[in-house]
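**Student:** Generate a structure from the sequence data that follows.
(2 chains)
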There are 2 protein chains.
Amino acid sequence: MKNYSIAKSRRIRSTPYTSRIEKQGVTSYTVYNHMLLPAAFGSIEDSYYHLKKDVQVWDVAAERQVEISGKDSAKLVQLMTCRDLSKSRIGRCYYCPIIDDAGNLVNDPVVLKLAEDKWWISIADSDVIFFAKGLASGNKFEVNIFEPNVDIIAVQGPKSFDLMEEIFGEMIRKLKFFGFSYFTFKGAEHLIARSGWSKQGGFEIYVEDTKSGLDLYDHLFEVGKDFNVKPGCPNLIERIESGLLSYGNDFDNNDNPFECGFEKYVNLDSDIVFLGKEKLKKIKLEGIKKRLMGVEIETDNIGLSGSVEITNEEGNLIGDLRSACYSPHFKKVIGIAMIKEPFCKASETGKLEIEGKTLSVKVCDLPFI
Amino acid sequence: MKNYSIAKSRRIRSTPYTSRIEKQGVTSYTVYNHMLLPAAFGSIEDSYYHLKKDVQVWDVAAERQVEISGKDSAKLVQLMTCRDLSKSRIGRCYYCPIIDDAGNLVNDPVVLKLAEDKWWISIADSDVIFFAKGLASGNKFEVNIFEPNVDIIAVQGPKSFDLMEEIFGEMIRKLKFFGFSYFTFKGAEHLIARSGWSKQGGFEIYVEDTKSGLDLYDHLFEVGKDFNVKPGCPNLIERIESGLLSYGNDFDNNDNPFECGFEKYVNLDSDIVFLGKEKLKKIKLEGIKKRLMGVEIETDNIGLSGSVEITNEEGNLIGDLRSACYSPHFKKVIGIAMIKEPFCKASETGKLEIEGKTLSVKVCDLPFI
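**Tutor:** Residues are numbered from 1 along each chain as shown, chains lettered A, B, ... in the order given. All right, here's what the predicted structure looks like:
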């Protein structure tokens, strides 16, 4: 695909780290929660190999937080998600599909329980803040909802543990997956979670003190020299191979959690109250009509800017491709597609047309690796 | 500023017209409502002169619609805006600030009344659909809320009237400003409003029938040859000179409508029910602490990617610059800034720093022209 430049403006917010990543060689941006999110530092394939071997520091400030606090905050957070949070604990992260009245997805954030009456919703790319404000107003909840000044730095890759230990001491290794705690850097406290948008291991540092965060960003690169640290960003190849789904890419407000493989986060049997609960019960009973699946495509490169229809040999529409990349691991293009019943089973075949070429498609299970 | 490429994906949706504008020479995109919005076809200054003289066709599909229909639709639409819609008429557009419980802005859409129980909210860049869904759920309103398949083509510029008359007949000239009606092209009906995001006159065609819309897009360029038609997009220079405000750029969810000069759309005296009404009454009584103003900056080019602080001679922070461009008309950079009391009056002076340069700033009234 031809390259087009991104027009910057205040509406597409820069992050505190933008001037740094521009010196470090960022070449491409996407926009996420009205903010710049780096999409490439040169070759995505080189970055993929590096991420799987060493350690990267990512500017993911675009993962914005919605802070919900106050008397009814737990009630509101539960109302928005089909995941049972009644036994949730302070200091833990929870992957929580956000659901509307129709049982469809609004977002798939990680929810951090900071206190019994204080939560951060670490959102994917949609304005959950306005959904929360609308619900709070309509239900007359006593809550305070706002976007706090939090700009996440992610440290990802197998050597992230060594690098973070150098800076924060061995206690950082004790963090369990999706646990978080507070660590001090140059006098400022930072919430650090063992999490991140790759399957290569790592941490996310929720920076509230921008000055300390900028110093920390620089320090990560200084100390990181010993671990071959590089700047990076969520990597298209790594996330597709790992089956990490992306709201807006792989699913959106027209899809429900069962269609996206989120069954284990849909708790219909307890007495918790959340939007779309009855709808989801009905959907579960009746069964779904489409499902996210992996696909293998016989070609060596692809660029998507929207859905691409997949048809079978008989010419019937069997689904649509939503994300795709060339996988160095599989030596072919792999992708994530919403496939209709009864075609959503591994080894089903079809074809798609892109840039005038017809390519053969094979359906497979997720995740790829 | 250096150029960075935009990473395309399904999450940053293409429009039905994207392949056409890419053949026609679009050079730069922004992202608006999770969709590609063209930001430049080569020189913005050349495009500015052309827009003020001839006619342009714009792909503004990114101006998405939120359709609200059903028994309680009028109640919900009114609940979201401080503008009194009790006397609103079918076939008219209404510029309506959308307000949250705190009295702050959520969006500043144009609302189209399609029927007593059917509305389109033609939104600026925030997910009003989730605000509406949250409110509807919390208030148990009987409404249906979704994003319809509408992809707007704007026809803007002084010769837009001649061009549109050639295609739709002289009835199109009878449309009053912010009125809309239905016009047929190749068998499909299109809602056409006399509106658009420039002050050069023109129309917006709300395309629901994509096939007919694509034919119409091509036809506009064929017929338009006689009027020196060119592809274009909302023009940064024209919109700042004209004082057309942009949600996310000039104001956001931290600002209230009085601070943005929207007084005439804030109807506090009737008995309509809307969010933040008591807050806005209080704000009106107590007076505002900041206000959007124009600024003139002594330099010949500027590129913004966020707010820039403005200080006065004593070193006090007096406000922040939010949008700016070089104006060929004024032969200097002009901009829109949120200026604090008591500095928000014309001829107040200050300075700002950008890319290591200190520039002098003079506050002035809006609009510039």
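**Student:** can you give me the strands in the stretch 51-200 of chain A?
**Tutor:** Counting by DSSP state E, counting those that start in this stretch, the stretch 51-200 of chain A has strands at residues A:56-59, A:65-69, A:93-95, A:98-99, A:105-107, A:110-115, A:118-122, A:144-146, A:151-156, A:180-185, A:188-193.
**Student:** so how far is residue B:13 from whichever residue of the stretch 251-369 of chain A sits closest to chain B?
**Tutor:** Here the stretch 251-369 of chain A gets closest to chain B at one residue, residue A:305, 4.0 Å apart by Cβ to the nearest Cβ. Where you see a C-beta, it was placed from the backbone N, CA and C, and this is true even at glycine. With the distance defined as Cβ to Cβ, to the nearest Å, residue A:305 ends up 8 Å from residue B:13.
**Student:** what sits in contact with each of these two?
**Tutor:** Between them, residue A:305 and residue B:13 share these contacting residues under Cβ atoms under 8 Å, 6 or more residues apart in numbering or on different chains: residue B:36.
**Student:** what's the span of stretch A:293-311 from first residue to last?
**Tutor:** 15 Å (Cα to Cα, to the nearest Å).
**Student:** mind listing the helices for the stretch 251-369 of chain A?
**Tutor:** Taking DSSP state H, counting those that start in this stretch as the test, the helices found in the stretch 251-369 of chain A are A:277-286.
**Student:** Up against chain B, what does it have?
**Tutor:** Residues of the stretch 251-369 of chain A lying close to chain B by Cβ under 8 Å from any Cβ of the partner chain are A:253, A:275, A:303, A:304, A:305, A:306, A:307, A:322, A:323.
**Student:** Look up the residues forming beta bridges with the nearest residue to residue A:58 once chain neighbours are set aside.
**Tutor:** Residue nearest to residue A:58 in three dimensions, not counting chain neighbours: residue A:154, with 4.0 Å by Cβ to Cβ, 6 or more residues apart in numbering or on different chains. Residue A:154 forms beta bridges with residue A:58, residue A:204, as assigned by DSSP bridges.
**Student:** what's near enough to touch residue A:299?
**Tutor:** A:332, A:333, A:357, A:359.
**Student:** And the buried ones among the residues of the stretch 251-369 of chain A next to chain B, selectable in PyMOL?
**Tutor:** In PyMOL, a selection of the buried entries from those looks like this (16 or more other Cβ atoms under 10 Å in any protein chain shown):
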select buried, chain A and resi 253+275+304+305+306+307+322+323
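**Student:** tally of neighbours for residue A:182?
**Tutor:** Residue A:182 is flanked by 10 other residues according to other Cβ atoms under 10 Å in any protein chain shown.
**Student:** nope, residue A:315 is what I was after
**Tutor:** By other Cβ under 10 Å, the residues close to residue A:315 number 7.
**Student:** Can you tell me how far it is from residue A:309?
**Tutor:** When distance is defined by Cβ to Cβ, residue A:315 is 11 Å away from residue A:309.
**Student:** Got phi/psi on the residue of the stretch 151-300 of chain A found nearest chain B?
**Tutor:** Going by Cβ to the nearest Cβ, chain B is nearest to residue A:248 of the stretch 151-300 of chain A, at 3.2 Å. Backbone torsions for residue A:248, taken as degrees, to the nearest 10, come to phi 100, psi -40.
**Student:** hmm, back to that, now list the buried members of the contacts of residue A:299.
**Tutor:** Among the contacts of residue A:299, those buried by neighbour count (16+ other Cβ under 10 Å) are A:333, A:359.
**Student:** Can you list which of the contacts of residue A:299 are found in strands?
**Tutor:** Here DSSP state E is the test, and the contacts of residue A:299 give A:332, A:333, A:357, A:359 as lying in strands.
**Student:** so the last one touches residue A:352, yeah?
**Tutor:** What that stands for is residue A:359. Yes: Residue A:359 is within contact range of residue A:352, at 5.7 Å (criterion: Cβ atoms under 8 Å).
**Student:** shared neighbours of these two, anything?
**Tutor:** Common neighbours of residue A:359 and residue A:352, using Cβ under 8 Å, 6+ apart, are residue A:297.
**Student:** Now do the contacts for residue A:24.
**Tutor:** Contacts for residue A:24 (Cβ under 8 Å, 6+ apart) come out as A:41, A:231.
**Student:** and with 6 Å instead?
**Tutor:** Residues in contact with residue A:24 (Cβ atoms under 6 Å, 6 or more residues apart in numbering or on different chains) are residue A:231.
**Student:** what's the spacing between it and chain B?
**Tutor:** Note on residue A:24: its distance to chain B, by Cβ to the nearest Cβ, to the nearest Å, is 13 Å.
**Student:** For the stretch 201-350 of chain A, just list every one of the strands.
**Tutor:** If DSSP E, counting those that start in this stretch is used as the criterion, the strands of the stretch 201-350 of chain A fall at A:202-207, A:230-232, A:290-297, A:308-311, A:317-327, A:332-340, A:349-354.
**Student:** Tell me how many other residues surround the closest residue to residue A:291 other than its chain neighbours.
**Tutor:** For residue A:291, ignoring the flanking residues on the chain, the nearest one in space by Cβ to Cβ, 6+ apart is residue A:344 at 4.3 Å. Residues near residue A:344, counting by other Cβ under 10 Å, number 21.
**Student:** Quick check: the gap between residue A:344 and residue A:310.
**Tutor:** For residue A:344, the distance to residue A:310 equals 11 Å [Cβ to Cβ].
**Student:** What of residue A:144?
**Tutor:** Applying Cβ to Cβ, the value for residue A:144 to residue A:310 is 46 Å.
**Student:** okay, these two: which has more neighbours?
**Tutor:** Using other Cβ under 10 Å, the more surrounded residue of residue A:144 and residue A:310 is residue A:310, with 28 against 14.
**Student:** Can you name the residues bridging to that one?
**Tutor:** Note on residue A:310: beta-bridge partners by DSSP bridges are residue A:319, residue A:352.
**Student:** wait, it sits on residue A:349?
**Tutor:** No: using Cβ atoms under 6 Å as the test, residue A:310 is too far from residue A:349 to be in contact (9.7 Å).
**Student:** Which residues of the stretch 101-250 of chain A lie near chain B?
**Tutor:** Proximity of the stretch 101-250 of chain A to chain B (Cβ under 6 Å from any Cβ of the partner chain) is limited to residues A:101, A:106, A:126-127, A:130-131, A:133-135, A:137-139, A:248-249.
**Student:** Next, count neighbours for the one residue in the stretch 51-200 of chain A that gets nearest to chain B.
**Tutor:** Closest residue of the stretch 51-200 of chain A to chain B, Cβ to the nearest Cβ: residue A:138 (1.6 Å). As a burial measure, residue A:138 scores 20 neighbours (other Cβ under 10 Å).
**Student:** With the one 10 residues further on instead?
**Tutor:** The number of residues packed around residue A:148, counting by other Cβ under 10 Å, is 13.
**Student:** how far away is it from residue A:208?
**Tutor:** Counting by Cβ to Cβ, the gap from residue A:148 to residue A:208 is 7 Å.
**Student:** ditto for residue A:54
**Tutor:** According to Cβ to Cβ, residue A:54 and residue A:208 sit 28 Å apart.
**Student:** Then residue A:90?
**Tutor:** Distance, residue A:90 to residue A:208, by Cβ to Cβ: 17 Å.
**Student:** higher neighbour count, the two?
**Tutor:** Higher neighbour count among residue A:90 and residue A:208: residue A:208, with 15 against 11, using other Cβ under 10 Å.
**Student:** Look up the closest residue to that one, ignoring the ones flanking it.
**Tutor:** Distances taken as Cβ to Cβ, 6+ apart place residue A:150 nearest to residue A:208, at 5.6 Å, with adjacent residues excluded.
**Student:** pLDDT score for the one you found?
**Tutor:** pLDDT, residue A:150: 98.
**Student:** what about it, neighbour count?
**Tutor:** Residues near residue A:150, counting by other Cβ under 10 Å: 19.
**Student:** which ones are touching it?
**Tutor:** If you count contacts by Cβ under 6 Å, 6+ apart, then residue A:150 has A:65, A:206, A:208 around it.
**Student:** between those, which is closest to residue B:185?
**Tutor:** Closest to residue B:185 out of the contacts of residue A:150 is residue A:65 (46.7 Å), distances taken as Cβ to Cβ.
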